[in-house]
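S.K.: the following block contains a protein sequence and its predicted model.
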Amino acid sequence: MTTTAFFIPPVNLMGAGCLRDAAKAIQSYGFRKALIVTDLPLVRLGLVGNVRDLLASHGVDTLVFHGVQPNPTTKNVADGLKQLRDNDCDFVISLGGGSPHDCAKGIALVAANGGTIKDYEGLDQSAKPQLPLVAINTTAGTASEMTRFCIITDEARHVKMAIVDKHTTPILSVNDPELMLLKPASLTAATGMDALTHAVEAYVSTIATPITDACALKAVALISQWLRKAVADGRNVEAREQMAYAQFLAGMAFNNASLGYVHAMAHQLGGFYDLPHGVCNAVLLPHVQAYNKQVAAGRLADIARAMGEKPMAWATRPPRICAYWRFANCPPTSAFPTGCHSLAFRPRTFPPWPPMRSRTRAD
């Protein structure tokens, strides 16, 4: 028998209006000053100002670092770390989607452990927990607000570094769908595909467990029911809330069962060409599952059932997922990429890849 561990933040707030509960919780921690790590679009939308006002009404002092890029870089982490240290902040709040969350994790981890973020590439390379991090989520896809994963682009090498460390787990995650209503349809679609990829890859993982399986299949079911509704009408609070639950469940799955070749390749495509992560996943997912069906046709049939599809058709033709999630009936779909050629991918710019070894659970 093999022992397993299950990682998740100690407190997770969900549901419309839970940001107000989060402000009370943050006040109760007794910290002095927060560095809010976010991006410029959220500043311009007024969301950052609203959060600062709410926290101020609860006696929480804040400072804003809004220099996070869509694919956060080593420089973003270094710049944010300098601002944190120069202003004597004793905890961090990430506000946004996966990019601010990952950058905030990098800042908090280096603040507590020293060195640079490059020192922590790999699995559990840190000696002690990061500075306390509260993750306030505004997208439904990455689940970075509740995972131990931190993805930072090394600009010098043009690669995305995977930092998988139990010490990067936030102390509090917040998923308030009211903060997601202004998210554009294109981002809703891309982040939703990221969540679907998390669930699928976790379910066919070699280290999946009954707990991660349950989370993954429920995530797939919710995404199949609610993602297109959220894309079609961004102000549909119910669709936003259900997608928040779906991506959180997918995060619970992959945070503990890990991922596969879709993410392995998507991270490198995104790091090399600075492309949206969810779009890279959507393009690669059907092809990797076509490879996985050699050993996991039964598990792919389970996913088909969760999606409401016919299991036998899905098990024998995994690329069907690509057609099912092409968003043909939703307004933004005409611009949704359908292949690597749509992403300006040029194979000759990559060195040859070694032969793949199966990381997929056999039936």
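M.R.: Everything's here; your move. A quick note: this is a predicted structure, and the numbers were derived from the prediction, not measured. Numbering: from 1, shown residues only.
S.K.: distance of Gly234 relative to Thr139?
M.R.: Applying CB to CB, to the nearest Å, the value for Gly234 to Thr139 is 12 Å. (Glycine included, C-beta is placed from N, CA and C.)
S.K.: quick check: Leu55 touching Ala34?
M.R.: Yes: assessed by CB atoms under 8 Å, Leu55 is found in contact with Ala34 at 7.3 Å.
S.K.: among the two, which residue is more densely surrounded?
M.R.: Ala34 (25 against 21; other CB atoms under 10 Å).
S.K.: what packs against the helix or strand where that one lies?
M.R.: Applying DSSP states H and E as the criterion places Ala34 in strand 33-37. With contacts taken as 3 or more CB pairs under 8 Å, 6 or more residues apart in numbering; DSSP states H and E, strand 33-37 sits against helix 47-56, strand 61-65, helix 74-86, strand 91-96, helix 98-113.
S.K.: let's have the ones you listed in CSV, adding mean pLDDT and distance to Tyr291.
M.R.: Formatted as CSV, the helices and strands packed on strand 33-37 follow (pLDDT from 0 to 100; distance: least, CB to CB, whole Å):
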stretch, mean pLDDT, distance to Tyr291
helix 47-56, 98, 40
strand 61-65, 98, 41
helix 74-86, 98, 32
strand 91-96, 98, 33
helix 98-113, 97, 26
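S.K.: I'd like these written out as a markdown table, with distance to Ser224 added.
M.R.: Formatted as a markdown table, those follow (distance: least, CB to CB, whole Å):
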| stretch | distance to Ser224 |
| --- | --- |
| helix 47-56 | 29 |
| strand 61-65 | 37 |
| helix 74-86 | 34 |
| strand 91-96 | 26 |
| helix 98-113 | 22 |
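S.K.: Glu238: which of these is closest?
M.R.: helix 47-56 (20.8 Å; CB to CB).
S.K.: I'd guessed Ala189 sits against Val231; true?
M.R.: Yes: judged on CB under 8 Å, Ala189 makes contact with Val231 at a distance of 5.1 Å.
S.K.: before we move on, back to that, now the helix or strand just after the strand holding Ala34: buried residues?
M.R.: Remark: after strand 33-37, the chain's next helix or strand is helix 40-44, criterion DSSP H and E. Within helix 40-44, the residues that count as buried by 16 or more other CB atoms under 10 Å are Leu42.
S.K.: just stretch 169-181 next, same as before
M.R.: Thr169, Pro170, Ile171, Leu172, Ser173, Val174, Asn175, Asp176, Pro177, Glu178, Leu179, Met180.
S.K.: closest one of these to Asn255?
M.R.: Among these, and counting by CB to CB, the member closest to Asn255 is Thr169, at 8.6 Å.
S.K.: list the contacts for the closest one?
M.R.: Residues in contact with Thr169 (CB atoms under 8 Å, 6 or more residues apart in numbering) are Phe7, Ile8, Pro9, Met146, Thr147, Arg148.
S.K.: got it, and Glu241?
M.R.: Here Glu241 is in contact with Gly15, Ala16, Pro177 (CB under 8 Å, 6+ apart).
S.K.: then the helix or strand that contains it to PDB, C-alphas only?
M.R.: Taking DSSP H and E as the definition, one finds Glu241 inside helix 237-257. Output of helix 237-257 as PDB, limited to C-alpha atoms (Å, rounded to 0.1, in the frame of the first residue of the first chain):
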ATOM      1  CA  VAL A 237     -23.900  35.000 -11.300                       C
ATOM      2  CA  GLU A 238     -25.000  31.400 -11.000                       C
ATOM      3  CA  ALA A 239     -22.800  30.300 -13.900                       C
ATOM      4  CA  ARG A 240     -19.900  32.200 -12.400                       C
ATOM      5  CA  GLU A 241     -20.400  30.600  -9.000                       C
ATOM      6  CA  GLN A 242     -20.700  27.100 -10.400                       C
ATOM      7  CA  MET A 243     -17.600  27.600 -12.500                       C
ATOM      8  CA  ALA A 244     -15.800  28.800  -9.300                       C
ATOM      9  CA  TYR A 245     -16.700  25.500  -7.600                       C
ATOM     10  CA  ALA A 246     -15.700  23.600 -10.700                       C
ATOM     11  CA  GLN A 247     -12.300  25.100 -11.000                       C
ATOM     12  CA  PHE A 248     -11.700  24.700  -7.300                       C
ATOM     13  CA  LEU A 249     -12.600  21.000  -7.500                       C
ATOM     14  CA  ALA A 250     -10.300  20.600 -10.400                       C
ATOM     15  CA  GLY A 251      -7.600  22.300  -8.300                       C
ATOM     16  CA  MET A 252      -8.100  19.900  -5.500                       C
ATOM     17  CA  ALA A 253      -7.700  17.100  -8.000                       C
ATOM     18  CA  PHE A 254      -4.500  18.200  -9.700                       C
ATOM     19  CA  ASN A 255      -2.900  19.700  -6.600                       C
ATOM     20  CA  ASN A 256      -2.700  16.200  -5.200                       C
ATOM     21  CA  ALA A 257      -2.700  13.900  -8.400                       C
END
